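> missing the sequence, but the structure's below:
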């Protein structure tokens, strides 16, 4: 193991949003010295680090200047300047995920090609320079994805009818064949520089029909033990193929024939792992820290079945945030509310999450469904 913990070295985090906030909270018990960079002075994690820099993590010079003050660098969002991180790595900084891996994952076209080149199962696809190159007579339904900048449901368009070709997303993109999905699952894998790998139980995800965001997550996923083992093995093979250090969230489709297909990956703590804070022996945030510091990876077992609900901004409301119904949630046993500290709400913006534990998964689902309509986010 190459790293020590404590305040003798500095960990830099690009991004200080909700993932950065929960990562900083996980770092606090170990007395890790944190520097954070974010464009917003009101970023949720701004008050949880030793040094907070307001700046654009997409700007090369800003990232270079920030990185020089850090010993180890990581991120909470993919849309950072990978070239600057590569220069910092060449100068001897430890950067995880590695910039060479990050450059592949930042481009969904390169991601899909990587899966094919490494015999990792994924749905058929074609790459296009722009929407004007997409044949209007191709079979429907299908899915258009922008190659870059897609995040939190943005950059994805489902094409169901010929009329949908009239409102394609601009820029370089890919078109995927539609998959007959039985269930969407995700597996979070962790890998250290020493090569140790651990995975979490697969979780089952339900998406908001309009925002294309995870709305409801069940842990463990309601799939067979054999399918769960196959999903964990696929996530392990994927992180090993990338050689990635840190966390890799591997989102998958289980189709109606029982075949697992990788949808896409994220090289950081992920929405599909929020439940691990209360529901698992080791949270995904502590696991990420263990991985990038080359410390022993933690136990990933579930303590309890769990449901995670994203707390989203209500439709029709934009402005300074107001929460109602919090008292009902806090009065419920085994319910854990995380509000991210964002000062402004807008429709479908992620403002927090709620994790509900149960004796069984059915018990957790029932309690979560009872609480879900009570908590509102408005302005």
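Arrived safely, thanks for sending. This is a predicted model, so every value here is computed, not measured.

> what helix or strand is residue 327 on?
helix 326-330 (DSSP states H and E).

> next, name the residue at the spatial heart of the chain.
residue 270 (2.5 Å; C-alpha atoms, centre = their mean).

> still on that earlier bit, what's the average pLDDT for the helix holding residue 327?
Helix 326-330 carries an average pLDDT of 95.

> and the residue nearest to the centre of the chain, what does it touch?
Neighbour list for residue 270: 19, 186, 188, 247, 249, 284 [criterion: C-beta atoms under 8 Å, 6 or more residues apart in numbering]. Heads up, the C-betas are built off the backbone N, CA and C, glycines and all.

> tell me how far it lies from residue 128.
28 Å (C-beta to C-beta, to the nearest Å).

> cool, and residue 260?
From residue 260 to residue 128 the distance is 26 Å (C-beta to C-beta).

> so those two - more neighbours on which side?
residue 260 (21 against 18; other C-beta atoms under 10 Å).

> from memory the more buried one sits against residue 251, does it?
No - Residue 260 is beyond contact range of residue 251, at 11.1 Å (criterion: C-beta atoms under 8 Å).

> hmm, who's touching the helix holding residue 327?
Outside of helix 326-330, the residues within contact range by C-beta under 8 Å, 6+ apart are 335, 337, 354, 371, 374, 375.

> what helix or strand is the second one on?
By that I understand residue 337. strand 335-339.

> give me the buried positions along that strand.
Neighbour counts over strand 335-339 (16 or more other C-beta atoms under 10 Å) mark 335, 336, 337, 338, 339 as buried.

> could I get the residues you listed as TSV with distance to residue 194?
Conversion of the buried residues of strand 335-339 to TSV gives the following (distance: C-beta to C-beta, whole Å):
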residue	distance to residue 194
335	38
336	33
337	37
338	31
339	37
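
> with these in mind, which one is nearest to residue 288?
The shortest approach to residue 288 among the buried residues of strand 335-339 belongs to residue 338, at 16.8 Å (C-beta to C-beta).

> identify the residues contacting that closest one.
Taking C-beta under 8 Å, 6+ apart, one finds 22, 274, 277, 352, 353, 354, 355 in contact with residue 338.

> how many other residues sit next to the third one?
Neighbour count of residue 277, defined by other C-beta under 10 Å: 21.

> nearest spatial neighbour of it, skipping sequence neighbours?
Closest residue to residue 277 apart from its sequence neighbours, by C-beta to C-beta, 6 or more residues apart in numbering: residue 283 at 4.6 Å.

> contact partners for the one you found?
Counted by C-beta under 8 Å, 6+ apart, residue 283 has contacts 26, 273, 276, 277.

> and what of residue 355?
274, 275, 277, 278, 279, 306, 307, 308, 309, 335, 336, 338.

> just those residues: which are in helices?
In this view, the contacts of residue 355 that belong to helices under DSSP state H are 277, 278, 279.

> how near is the second one to residue 271?
Using C-beta to C-beta, we find residue 278 at a distance of 15 Å from residue 271.
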